[in-house]
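Trainee: After the sequence you'll find the predicted model.
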Amino acid sequence: MRVAIAEARKGTGHTSPNPIVGAVLVARGGVVALGHHQKVGSAHAEVRCLESYGRRLRKSDSVYVTLEPCSTTGRTPPCTEAILASGLGCVVVGTIDPNPKHQGRGIATLRAAGIEVRVGVLADECTKLNEAFNKWVQTGRPLVIAKCGMTLDGRLTRGPGEDQWITGPAARRHANRFRAQVDAILIGAETLRIDNPRLTVRENPGGRQPWRVVLSRSGKLPGNAHVFTDRYANRTLLFENKPLDVVLDSLGQKDVTSVLIEGGGEVLGQALDQRLVNQVHIYLGAIFSGGPVIAFPGTGAPSTPEGLRLCDLRYEQIGDDVFISAKARSHPPRLQ
Ligand SMILES: NC(=O)c1ccc[n+]([C@@H]2O[C@H](COP(=O)([O-])OP(=O)(O)OC[C@H]3O[C@@H](n4cnc5c(N)ncnc54)[C@H](OP(=O)(O)O)[C@@H]3O)[C@@H](O)[C@H]2O)c1
């Protein structure tokens, strides 16, 4: 299953709105094929394995797959049919399908046909492969990652111009690479007006460009901004006068499974106040700036226990900066 997980990761950033999935085919006592889901509409991981091996299998042969095989026709035929036709005798599943409409159906179909199915091998790791997909398929709303480059005194402050960075080039490259893994990048209009960001994935030439989402109430936006005029202009969406949760629901309906909120402070503060943040990516620069643009202002938590507690923390030094990534614990109820 560890090999299948590594195989699944090869699809990172390419499969949305499908999950990343990996599979390993074990026949005649050894690994004979590997497969991963490459992109929407292409063969699923276990089918890719079976096709690449291409020979009749025996009851003693097994396929390991990180996610329950599908049993319905979607963009491709059901994987359960390909498994049954192959002749193999055992399927080892990492995690069951999180989609309430399909959950457990693939496993039941295989078992009913006499295949041995083992479920839950490295289940946590397999589930974590697809945090965005899992949330989106269960709630219709994308996973929200709040990201910013922050001074040690909690500011986002940047003036106009190219040399106003809080963090160094290595941290900025790190942040830019992550954009390739999300379906949308969201900013507030003030960030557009002051920074005129491109919100593109620089090291992914020819690759997928996430949607660029701009929020404005006033509608006062510079028509010559990069996001409206560059070659990805048709990947920019403008939402005017829509609450953030409604924007997220609209994006979910467009098959957006993950949104990276890249500021500014007002939008980040709203996301925090409205308890919409699932993960944070903070790049802490070795600098104090003071000034008015606070990273997460909003109205704030009424009391410390009602703040957003984090878990799964990772700290990484990148040049002189520190990258902190973490997940939101489930939100506590607001105290009355
Ligand atoms: N260090 C970093 O990582 C980083 C990242 C991004 C930005 N920044 C800096 O942050 C500053 C900008 O931040 P900011 O807090 O002033 O502003 P902001 O969050 O970028 O934008 C605020 C604006 O967004 C619009 N808006 C916010 N919520 C909305 C909603 N729910 N519906 C519709 N429109 C909504 C409004 O636009 P209208 O005014 O058009 O109505 C509002 O004035 C800039 O100095 C920028 O350089 C730093």
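Mentor: That came through, no problem.
Trainee: Just confirm Leu285 contacts Leu152, I think it does.
Mentor: Heads up, residue 285 is Gly, not Leu. Yes. With contact defined as C-beta atoms under 8 Å, Gly285 counts as touching Leu152 (7.2 Å). Heads up, the C-betas are built off the backbone N, CA and C, glycines and all.
Trainee: So for these two, which residue has more residues nearby?
Mentor: Ranked by neighbour count (other C-beta atoms under 10 Å), Gly285 and Leu152 place Gly285 first, with 20 against 13.
Trainee: residues contacting that one?
Mentor: Neighbouring residues of Gly285 by C-beta atoms under 8 Å, 6 or more residues apart in numbering: Gly149, Met150, Thr151, Leu152, Trp165, Ile166, Thr167, Gly168, Ala171, Asp320, Asp321.
Trainee: if we take these, which one ends up nearest to the ligand?
Mentor: Here the nearest of those to the ligand, counting by C-beta to the nearest ligand atom, is Gly149; it sits at 3.7 Å.
Trainee: where does that closest one fall, helix, sheet strand or coil?
Mentor: strand (DSSP: H, G, I helix; E, B strand; the rest coil).
Trainee: ok, what's across the strand from it?
Mentor: Beta bridges link Gly149 to Tyr283, judged by DSSP bridges.
Trainee: quick revisit: TSV please, covering the contacts of Gly285 and showing secondary structure, distance to the ligand and pLDDT.
Mentor: Output for the contacts of Gly285, formatted as TSV (DSSP: H, G, I helix; E, B strand; the rest coil; distance: C-beta to the nearest ligand atom, whole Å; pLDDT from 0 to 100):
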residue	secondary structure	distance to the ligand	pLDDT
Gly149	strand	4	97
Met150	strand	6	97
Thr151	coil	8	96
Leu152	coil	13	96
Trp165	coil	8	91
Ile166	coil	5	94
Thr167	coil	8	96
Gly168	coil	13	96
Ala171	helix	10	97
Asp320	coil	16	96
Asp321	strand	12	98
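Trainee: Show me the shaky parts of this protein.
Mentor: Applying pLDDT under 70 to the chain flags residues 159-162, 205-206, 331-336.
Trainee: Name the residues of stretch 275-289 that are buried.
Mentor: Under the neighbour-count criterion of 16 or more other C-beta atoms under 10 Å, stretch 275-289 has 275-285, 287, 289 buried.
Trainee: same deal with stretch 250-257?
Mentor: Neighbour count says stretch 250-257 has Leu251, Gly252, Val256, Thr257 buried, by 16+ other C-beta under 10 Å.
Trainee: Toward the C-terminus, what is the element adjacent to the helix or strand harbouring the second one?
Mentor: If I follow you right, that is Gly252. Element membership of Gly252 [criterion: DSSP states H and E] is helix 244-253. Going down the chain from helix 244-253, the next helix or strand is strand 258-261, by DSSP H and E.
Trainee: now for that following strand, which elements pack on it?
Mentor: Here strand 258-261 touches strand 143-150, strand 184-188, helix 265-273, going by 3 or more C-beta pairs under 8 Å, 6 or more residues apart in numbering; DSSP states H and E.
Trainee: Output these as JSON lines; include the columns mean neighbour count.
Mentor: Below are the helices and strands packed on strand 258-261 laid out as JSON lines (neighbours: other C-beta atoms under 10 Å):
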{"stretch": "strand 143-150", "mean neighbour count": "24"}
{"stretch": "strand 184-188", "mean neighbour count": "24"}
{"stretch": "helix 265-273", "mean neighbour count": "21"}
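Trainee: Let's have the ones you listed in TSV, adding distance to Arg56.
Mentor: Below are the helices and strands packed on strand 258-261 laid out as TSV (distance: least, C-beta to C-beta, whole Å):
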stretch	distance to Arg56
strand 143-150	41
strand 184-188	45
helix 265-273	53
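Trainee: now what about whichever helix or strand Glu46 is part of, what contacts it?
Mentor: Glu46 is part of helix 45-53, with elements assigned from DSSP H and E. Residues outside helix 45-53 that contact it (C-beta under 8 Å, 6+ apart) are 4, 7-8, 21-25, 27, 32-38, 43, 57, 63, 65-67, 69, 76, 79, 82-83, 86, 91.
Trainee: now swap in stretch 96-112 and tell me
Mentor: 67-72, 78-80, 83-84, 91, 93, 117, 119, 127, 130, 133-134, 137-138.
Trainee: Same check on stretch 292-302?
Mentor: Contacts of stretch 292-302 (C-beta under 8 Å, 6+ apart): 146, 148, 150, 154-158, 264-266, 268-270, 272-273, 282, 307-308, 334-335.
Trainee: Check the offset of the helix or strand harbouring Arg111 from the chain's centre.
Mentor: Arg111 belongs to helix 105-112 when elements are defined using DSSP H and E. Helix 105-112 has its C-alpha centroid displaced from the chain centroid by 29 Å (C-alpha atoms, centre = their mean, to the nearest Å).
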